[in-house]
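In: Got a sequence here, can you build the structure:
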Amino acid sequence: MNLFIGLLSNAIEKDNNRISFLIQKAEILAEIELFYLLPHQRRWKEWFPEVIYYYANVDKTREKIKEMINEGEWNTNEFSELKQKLLKELNIQYDFPNLVNK
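Out: All right, here's what the predicted structure looks like:
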């Protein structure tokens, strides 16, 4: 039992170390972008695209979106068109109550 607890503790610590590393890396990159780049460099679309595409597992994404909707974390005012397309691709039915017609 003690061996199991020790192994579990090591696994959790490794996971926490990875998360801490990624958070620190993001903070350092944000600092570099804000303080060490010139304004014209920050406007380059090649370096700072408006949308970043990446691979995500469909099932896990669908579960996470449903969880966010149930918990009220699915803010429809931000990236509303992108979110509508995502919901359509994942076949999730959701009404957008917070949208205002422009």
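In: which other helices and strands contact the helix ranked longest in the chain?
Out: Across the chain, the longest stretch assigned as helix under DSSP state H is helix 2-35. Taking 3 or more Cβ pairs under 8 Å, 6 or more residues apart in numbering; DSSP states H and E as contact, there are no helices or strands that helix 2-35 lies on. Glycine gets a C-beta too; all of them are placed from N, C-alpha and C.
In: Run the chain-centre distance for it.
Out: A distance of 16 Å separates the C-alpha centroid of helix 2-35 from that of its chain, computed with Cα atoms, centre = their mean, to the nearest Å.
In: for the record, mean pLDDT for that helix?
Out: Across helix 2-35, pLDDT averages out at 81.
In: Likewise for stretch 88-102?
Out: pLDDT averaged over stretch 88-102 gives 70.
In: Tell me how many other residues crowd residue 2.
Out: For residue 2, the count of nearby residues is 6 (other Cβ atoms under 10 Å).
In: what comes up buried for the longest helix of the chain?
Out: Of the residues in helix 2-35, none is buried by neighbour count under the rule 16 or more other Cβ atoms under 10 Å.
In: Stretch 83-90 too?
Out: 83, 87.
In: how distant is it from the center of its chain?
Out: 16 Å.
In: And stretch 68-79, by the same measure?
Out: 13 Å.
In: picking up where we left off before, downstream neighbour of the longest helix of the chain in the secondary structure list?
Out: Once the chain leaves helix 2-35, the next helix or strand it forms, by DSSP states H and E, is helix 39-42.
In: Let's test this: mean pLDDT of that following helix, rounded?
Out: 86.
In: List the neighbours of that helix that are in contact with it.
Out: 33, 47, 48 (Cβ atoms under 8 Å, 6 or more residues apart in numbering).
In: can you put those residues in TSV and add distance to residue 73?
Out: Converted to TSV, the contacts of helix 39-42 look like this (distance: Cβ to Cβ, whole Å):
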residue	distance to residue 73
33	26
47	30
48	26
